[in-house]
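> Just a sequence and a predicted model for now, questions to come.
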Amino acid sequence: MALSLGPIQAPRLDLLGPRGPEIARLFTRPFLVLHRASGLYTARICLLLLYDLGWEARLRAGTTLDGLCEGLPGQVRKPLAWMLPFLAIEGLLTQAGDVFTLNGEPDLDLAGIRDAMETEAPGHGANFDLLDGVRSHILPFFTEGKAGEGLLFDLALFPLWLAYFRNENLGYFPNNLLTLLALREGLPEGARVLELGAGAGSFAQLLARQGAEEGWISRIAEYRFTDVAPAFLRRAQRDLKAAAPGLPLSFQLLDLNRPLGDQGVAAASLDAIVGINVLHVAQDLEATLRDLRSRLKPGGRLVIGECLKPDLDTPLYLEFFFGFIKSFTGVTLDPRWRPRHGFLTPEAWDAALRHAGFSDIQHTPPPRPLMDLHPTFSVGAISALY
Ligand SMILES: C[S@@+](CC[C@H](N)C(=O)[O-])C[C@H]1O[C@@H](n2cnc3c(N)ncnc32)[C@H](O)[C@@H]1O
């Protein structure tokens with residue numbers, strides 16, 4: 001069946017704010033097509049996963065979330081509570097009240113999407129490999145109650161994550177570019193910068209490259225590359241000096257869920273703390289934000305890149321992976337900014353940051369009305385002053 005992706009439209013430049021011309025270069029046709037195709041591929045993978053679990057007949061008969069969860073480990077509820085409405089929104093199930101039904105023979109062709117993407121956005125198979133990998137590894141989460149972390153971050157899938165978190169991946173690059181634009185602003189001479197959850201090091205590489213090209217890298221006196229995962233840190237220690245030349249790097253294991261002072265980060269010692277797609281795993285967001293603020297010098301800034309939701313009820317295809325991971329689903333809820341787990345809205349981040357004492361909160365790009373017109377626009381950087 002020919003692949004139909006619907007209309008593909010880039011946002012108007014005037015919606016992108018003061019850094020619009022630099023941001024506009026993200027919205028190439030390959031990026032937009034990849035974004036849409038990834039959503040479609042995720043939906044098909046979700047339904048195929050339910051088939052793999054042997055639930056096709058139950059879906060055809062119509063089932064509720066409670067019905068599907070019956071007799072299964074309690075941990076299956078959160079990902080299924082996300083998958084069923086997502087499948088309904090993507091048109092692969094119908095929803096009537098709380099009953100979800102599979103009708104007819106939905107198009108579940110994966111190869112067709114990959115083929116079309118090889119023409120439209122060549123070299124982006126990693127996005128789809130990762131989804132295939134989740135499908136093939138996650139079954140024991142449902143059938144045996146095994147933890148998602150162990151299944152999704154094992155040795156077999158680690159290379160797929162590394163292939164995903166790259167600046168060459170148009171699906172991931174916006175996270176890094178938008179955060180870079182926000183961080184670059186007002187970075188003082190002699191800046192001491194700490195990156196949280198620095199992972200595969202793609203942000204540090206972009207910073208080194210663009211900072212050198214634009215002549216501001218010498219403003220950074222110290223760049224502390226940190227992550228909670230020893231495997232990421234070891235890899236960065238081995239490769240990053242060559243891959244991010246000119247950055248005055250140091251390396252440190254750091255868990256943002258533990259007091260930073262106990263992990264050797266002195267109070268009022270940093271000009272900037274940056275984290276891309278990591279802060280949403282803060283177990284207690286308020287405590288972590290306050291702790292991060294206390295590590296900044298007065299005038300210092302917290303700059304985060306995050307997946308953003310237009311509203312808390314809209315499932316984002318990017319959330320599929322995370323539903324299986326306890327650090328994502330098991331966070332402390334707060335009715336003021338985190339009434340449920342998952343990615344947050346821009347306004348929820350504003351509320352949480354303000355409550356933790358931050359001021360002058362700026363978004364790159366301004367999220368509204370961009371998100372109202374493009375509900376699938378799902379990434380942004382937020383900069384907050386000490
Ligand atoms: C979505 S990845 C971001 C990848 C990274 N920015 C890059 O470009 O490669 C999230 C990272 O956060 C790290 N992480 C997860 N939980 C963490 C925690 N509690 N404290 C610090 N880092 C954490 C993960 O190990 C992973 O490297």
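Structure received.
> How many neighbouring residues does the residue nearest to Pro298 when sequence neighbours are not counted have?
Using C-beta to C-beta, 6 or more residues apart in numbering and skipping residues adjacent in sequence, the residue nearest Pro298 is Tyr386, 5.4 Å away. All C-beta atoms are positioned from the backbone trio N, CA, C, and that covers glycine. A count of nearby residues for Tyr386, using other C-beta atoms under 10 Å, gives 20.
> got a list of what Tyr386 touches?
Arg293, Leu296, Lys297, Pro298, Gly299, Gly300, Arg301, Leu302, Phe358, Ser359 (C-beta atoms under 8 Å, 6 or more residues apart in numbering).
> Show me what from the stretch 51-200 of the chain comes close to the ligand.
Phe165, Leu196, Gly197, Ala198, Gly199, Ala200 (C-beta under 6 Å from any ligand atom).
> got the contacts of Tyr386 as CSV, with pLDDT and secondary structure columns?
Conversion of the contacts of Tyr386 to CSV gives the following (pLDDT from 0 to 100; DSSP: H, G, I helix; E, B strand; the rest coil):
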residue, pLDDT, secondary structure
Arg293, 98, helix
Leu296, 98, strand
Lys297, 97, strand
Pro298, 96, strand
Gly299, 95, strand
Gly300, 97, strand
Arg301, 98, strand
Leu302, 98, strand
Phe358, 98, coil
Ser359, 97, strand
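> Need the buried ones from these selected in PyMOL.
Buried residues within the contacts of Tyr386, by 16 or more other C-beta atoms under 10 Å, are selected in PyMOL with:
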select buried, resi 293+296+297+300+301+302+358
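> what's the closest of the contacts of Tyr386 to Pro188?
Among the contacts of Tyr386, Gly299 lies closest to Pro188 (C-beta to C-beta), at 8.0 Å.
> unless I'm mixing things up, the closest one is touching Leu385, no?
Yes: applying C-beta atoms under 8 Å, one finds Gly299 in contact with Leu385, separated by 7.2 Å.
> Can I get the lengthiest helix in the chain as PDB, trimmed to CA atoms?
Counting residues, the longest helix in the chain under DSSP state H turns out to be helix 29-52. These are the backbone C-alpha positions of helix 29-52, laid out as PDB (Å, rounded to 0.1, in the frame of the first residue of the first chain):
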ATOM      1  CA  ARG A  29      10.900  18.500   4.500                       C
ATOM      2  CA  PRO A  30      13.100  15.500   5.600                       C
ATOM      3  CA  PHE A  31      12.600  16.500   9.200                       C
ATOM      4  CA  LEU A  32       8.900  17.100   8.900                       C
ATOM      5  CA  VAL A  33       8.400  13.800   7.000                       C
ATOM      6  CA  LEU A  34      10.600  11.900   9.500                       C
ATOM      7  CA  HIS A  35       8.600  13.300  12.400                       C
ATOM      8  CA  ARG A  36       5.300  12.200  10.900                       C
ATOM      9  CA  ALA A  37       6.600   8.800   9.700                       C
ATOM     10  CA  SER A  38       8.000   8.100  13.200                       C
ATOM     11  CA  GLY A  39       4.500   8.700  14.700                       C
ATOM     12  CA  LEU A  40       3.000   6.400  12.200                       C
ATOM     13  CA  TYR A  41       5.700   3.700  12.600                       C
ATOM     14  CA  THR A  42       5.200   4.000  16.400                       C
ATOM     15  CA  ALA A  43       1.500   3.400  16.100                       C
ATOM     16  CA  ARG A  44       2.000   0.400  13.900                       C
ATOM     17  CA  ILE A  45       4.600  -1.000  16.300                       C
ATOM     18  CA  CYS A  46       2.200  -0.500  19.200                       C
ATOM     19  CA  LEU A  47      -0.600  -2.500  17.500                       C
ATOM     20  CA  LEU A  48       1.800  -5.200  16.400                       C
ATOM     21  CA  LEU A  49       3.100  -5.500  19.900                       C
ATOM     22  CA  LEU A  50      -0.500  -6.100  21.100                       C
ATOM     23  CA  TYR A  51      -0.800  -8.800  18.400                       C
ATOM     24  CA  ASP A  52       2.500 -10.300  19.600                       C
END
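> immediately after it, which helix or strand?
helix 56-61 (DSSP states H and E).
> So which residues make contact with that next one?
Residues from elsewhere that reach helix 56-61, judged by C-beta under 8 Å, 6+ apart: Leu50, Gly67, Leu68, Leu93, Phe100, Thr101, Leu102, Asn103.
> domain assignment for the chain?
The chain breaks down by automatic domain parsing into domains covering 17-164, 173-385.
> Just among the residues of the stretch 51-200 of the chain next to the ligand, which is most surrounded?
Of those, with other C-beta under 10 Å as the count, Ala198 tops at 27 neighbours.
> in the stretch 251-386 of the chain, what spans have low per-residue confidence?
Applying pLDDT under 70 to the stretch 251-386 of the chain flags the ranges 375-376.
> Point out the residues in it that sit beside the ligand.
So the stretch 251-386 of the chain meets the ligand at Leu254, Asp255, Leu256, Asn257, Ile276, Asn277, Val278, Val281, Ser327 (C-beta under 6 Å from any ligand atom).
> go with 8 Å
254-257, 275-278, 281-283, 305, 327 (C-beta under 8 Å from any ligand atom).
> Just the buried ones among those residues, please.
In those, burial by neighbour count holds for Leu254, Asp255, Leu256, Gly275, Ile276, Asn277, Val278, Val281, Ala282, Gly305, Ser327, counting by 16+ other C-beta under 10 Å.
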